[in-house]
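Enquirer: sequence? don't have it. structure:
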């Protein structure tokens, strides 16, 4: 029997397979969510059955943007609950979690291993992975290259809070010959400013933990730490926090 967590996000899907006692992670799977969550979930099922055999005795929890599209899941849980549980497992202590997803940003407060408060920005893509993706495409950079450029650049202020207007602003900056590194710094730092603004609506924490697709960026953790005036740590597996939490809660 296995404990399986499936986190179908708006951009990426994460799957975590744990042993029956939930003592170790056997496998982590990362794949694009694609345009159809149901189709993605069935591809996952096919892969898991090919590798692990009959899943009828296993426990499967689905979470994330496309959680309702996993027909074989035993249960669905919210991202808030799963990210809180997964982050606590990875960090080993309480913290305030910053989860920057493809379509939303979440601030989750943990106390005694439990979620006691949270706030989410899901009305606008500014401050999310989608915002960075749009701006990186406009600059002809990958997400990884965007962070590298930002680290080398001097921030140019991006005043627009709307993704559409911000893109127009970047086109104007490019037309004026503004260095690409400076524009990248402005874009990444504008995301950090929006995340910090959201986090400031909850009690200030001594320690923050970054989950989501940006967890592999030292520049992001450094910039957030400076702006929050507190330590922001992460983990190589932090982008799997939701799936890990789902597996642990199965």
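Expert: Good, I have the coordinates. It should be emphasised that the depicted structure is a prediction, and the values quoted were computed from it without experimental measurement. Residues are numbered from 1 along each chain as shown.

Enquirer: now do the buried residues in the top helix by length along the chain.
Expert: Ranked by number of residues, the top helix in the chain under DSSP state H is helix 180-199. Across helix 180-199, burial judged by 16 or more other Cβ atoms under 10 Å covers 180-196, 198-199. Where C-beta positions appear, they are placed from N, C-alpha and C, glycine not excepted.

Enquirer: could you do stretch 197-216 as well?
Expert: Applying a neighbour-count criterion of 16+ other Cβ under 10 Å, the buried positions in stretch 197-216 are 198-199, 205, 208-216.

Enquirer: try stretch 218-229
Expert: Buried positions in stretch 218-229, judged by neighbour count with 16+ other Cβ under 10 Å: 219-221, 223-225, 227-228.

Enquirer: any stretches of this structure with poor pLDDT?
Expert: Along the chain, segments meeting pLDDT under 70 span 122-127, 161.

Enquirer: grab the most central residue of this protein for me.
Expert: Centroid check for the chain by Cα atoms, centre = their mean gives residue 212 as the closest residue, at 2.0 Å.

Enquirer: find the nearest non-adjacent residue to it, please.
Expert: Excluding its sequence neighbours, the residue lying closest to residue 212 (Cβ to Cβ, 6 or more residues apart in numbering) is residue 100, at 4.3 Å.

Enquirer: correct me if wrong: the one you found contacts residue 210.
Expert: Yes: counting by Cβ atoms under 8 Å, residue 100 touches residue 210, with 7.4 Å between them.

Enquirer: so can I have a markdown table of the buried residues of stretch 218-229 showing distance to residue 78 and secondary structure?
Expert: Listed next are the buried residues of stretch 218-229 as a markdown table, based on distance: Cβ to Cβ, whole Å; DSSP: H, G, I helix; E, B strand; the rest coil:
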| residue | distance to residue 78 | secondary structure |
| --- | --- | --- |
| 219 | 30 | helix |
| 220 | 24 | helix |
| 221 | 25 | helix |
| 223 | 28 | helix |
| 224 | 24 | helix |
| 225 | 28 | helix |
| 227 | 28 | helix |
| 228 | 25 | helix |
